[in-house]
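Colleague: With the sequence up front, the predicted model follows.
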Amino acid sequence: MNTLRHDWDREEREALAGLEAQIETMRQRHSGMPPFELLRAAHADALPRELQDAVSEHLSASAMSRMLAAGLGDEEPSLPAGDQERLLARILKETRSTPQTSGAWAWLRPVLLGSGIVAVASLVWIVSKQTETGERLTAPETTVVVALPPAVPPFLLPFEKPDVRLGMGALTWRGASPESGGNSLLADLKPGLDAYRASDYAAADRELTALATRYPGTIEILFYQGVSRLLRNDLPGAIAALTAADAVGDRTFAADVAWYRAVAEQRSGRASEAQTRLGSICRAGGNGSARACTALDQLSKAVSR
Amino acid sequence: MATFEDLYRQHAQAVFRFALSVAGKREVAEDLTSEAFLALHRNLTAIDQSQLPGWLLTVVRNRARDWWRRQMVERRYAEQFAAAPEPEAPPVERWLLDSAELKQVHRLCLALRYVQGMTRAEIAARTGLTEMQVKGHLQYALTLLRKSHGVQET
């Protein structure tokens, strides 16, 4: 029963007192799960095909494994500056030690090149002669069936409806008219955000659009306006709102604005712009960085197909 | 056009983080990062720099596949994994997966410690966190666990 408890320290034993049976049940339920590093690699589609398929099948059925596969999310550790420079020195050393074409064999290059040209020219001549002969003999008509590769489903950047949150600017807004008796921005945002929460995106867009000129540069208005349009599949409208949101430069919303803008761009067929945007989130190393790096990799792979 | 060293400094962090996530070992992640940048060095004049860091991440992923292929031979990974765990999830598991109080790092540390049975040192080695960070995250999560299950702090 206590297959794990032998290495718990005093603090753990106290914290988990009375919960040992549940912990053991939880452990046994997942005793057949793949190792952590396999889950992580499968999450990034970095396993050989047969292993990838097996782990992916497991992931589709296990919420615990999906949680582990997501890793540390936004808290993925970075490479310390010293290690980064050490690694650069190692790479540069390897580039210098890569063997160059030896001078002793340099004479061979033109010889091989010349032989290659002669061989290609001969092949072209032979093929052209055979084609002429074939045409004169009028070969029987045949139907050529070309087997097309199986259709690959297009990769789409995933997105979920983000919860409503308000930045400090909105919470502490002090532009109220005297008769409003407080923070009129919050009161005015409420109908639009309530509609958004209720998934009535047309109403949310309408309400928020009505506020946009009254409260210019308010990140909450532009962001939820953009996401509402995205959820209604109004992609040009979403890009316009999210571009305006980006221009506000609110750091709290920056990663989310860039992500949803990339989603809208990719769905509009503007994959290279989406890649650029994801690249900037990925490089920034902060909020949403890990998700952007993974998505960028998947998008690059999809684009190169 | 940016120089190789500029590109390295611009993208090294993202490439290393991705490499660590696909290999799970720091030394392997460094090797993969190094291989990706060596490939970049060889193709520096041929590639479209606007495709970075996506191009580098693709190199890492392909090299990682080769590495995992060798691991499969050496470690004989099972290709069937239990998919539908039985019996029903206990309340602690539902709390671990669903509690809004926990951040992803807490869920991860809890699961690696109490589901996969890793020591703090093993968790640190596989996640890139320090042992002290792992200890801190576990302590915080256990405090929340006690509170959520009606156990008062002493």
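Modeller: Cool, got the structure.
Colleague: I'd like to know which helix or strand in the chain has the lowest mean pLDDT.
Modeller: This is for chain A. One helix or strand of chain A scores below all others by mean pLDDT, DSSP states H and E: helix A:108-136, with a mean of 53.
Colleague: That was the other one, I meant chain B.
Modeller: helix B:54-75 (a mean of 85).
Colleague: could you dump it to PDB, C-alpha only?
Modeller: Once non-C-alpha atoms are left out, helix B:54-75 reads as follows in PDB (Å, rounded to 0.1, in the frame of the first residue of the first chain):
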ATOM      1  CA  GLY B  54      10.600  28.100 -36.800                       C
ATOM      2  CA  TRP B  55      13.300  26.600 -39.000                       C
ATOM      3  CA  LEU B  56      15.500  26.000 -36.000                       C
ATOM      4  CA  LEU B  57      12.700  24.400 -34.000                       C
ATOM      5  CA  THR B  58      12.000  22.000 -36.900                       C
ATOM      6  CA  VAL B  59      15.600  21.000 -36.900                       C
ATOM      7  CA  VAL B  60      15.400  20.300 -33.200                       C
ATOM      8  CA  ARG B  61      12.200  18.300 -33.600                       C
ATOM      9  CA  ASN B  62      13.800  16.200 -36.400                       C
ATOM     10  CA  ARG B  63      16.900  15.600 -34.400                       C
ATOM     11  CA  ALA B  64      14.800  14.800 -31.300                       C
ATOM     12  CA  ARG B  65      13.000  12.100 -33.300                       C
ATOM     13  CA  ASP B  66      16.300  10.500 -34.200                       C
ATOM     14  CA  TRP B  67      17.400  10.600 -30.500                       C
ATOM     15  CA  TRP B  68      14.100   9.000 -29.400                       C
ATOM     16  CA  ARG B  69      14.500   6.400 -32.100                       C
ATOM     17  CA  ARG B  70      17.800   5.400 -30.500                       C
ATOM     18  CA  GLN B  71      16.200   5.500 -27.100                       C
ATOM     19  CA  MET B  72      13.500   3.100 -28.300                       C
ATOM     20  CA  VAL B  73      16.100   0.600 -29.300                       C
ATOM     21  CA  GLU B  74      18.000   1.000 -26.000                       C
ATOM     22  CA  ARG B  75      15.200   1.200 -23.600                       C
END
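Colleague: Quick check: next helix or strand after the least confident helix or strand of chain A?
Modeller: helix A:168-171 (DSSP states H and E).
Colleague: For the least confident helix or strand of chain B, buried residues please.
Modeller: B:54-65, B:67-68, B:71-72 (16 or more other Cβ atoms under 10 Å in any protein chain shown). For glycine as for every other residue, the C-beta is placed from the backbone atoms N, C-alpha and C.
Colleague: ok, B:T127 touching B:H137?
Modeller: No. Using Cβ atoms under 8 Å, B:T127 is not in contact with B:H137; the gap is 9.8 Å.
Colleague: shared neighbours, those two?
Modeller: Common neighbours of B:T127 and B:H137 (criterion: Cβ atoms under 8 Å, 6 or more residues apart in numbering or on different chains): B:C109.
Colleague: ok, stretch A:19-38 near chain B or not?
Modeller: Yes. Applying Cβ under 8 Å from any Cβ of the partner chain, one finds stretch A:19-38 in contact with chain B at A:19, A:21-23, A:25-27, A:29-38.
Colleague: show me the contacts for A:G167.
Modeller: Contacts of A:G167 (Cβ under 8 Å, 6+ apart): A:219-220, A:250, A:252-253.
Colleague: just for the chain, where's the confidence low?
Modeller: As the question left the chain open, I've gone with chain A. A:1-6, A:74, A:98-154, A:173-183, A:287, A:303-305 (pLDDT under 70).
Colleague: switch to chain B, that's the one I care about
Modeller: Residue ranges of chain B with pLDDT under 70: B:73-87, B:150-154.
Colleague: tell me which element the residue nearest the centre of it is part of?
Modeller: Centroid check for chain B by Cα atoms, centre = their mean gives B:S21 as the closest residue, at 3.7 Å. Using DSSP H and E, B:S21 maps to helix B:4-23.
Colleague: which residue ranges form the helices in the stretch 1-150 of chain A?
Modeller: Counting by DSSP state H, counting those that start in this stretch, residue ranges of the helices within the stretch 1-150 of chain A are A:10-15, A:20-29, A:36-43, A:49-61, A:63-69, A:81-97, A:108-136.
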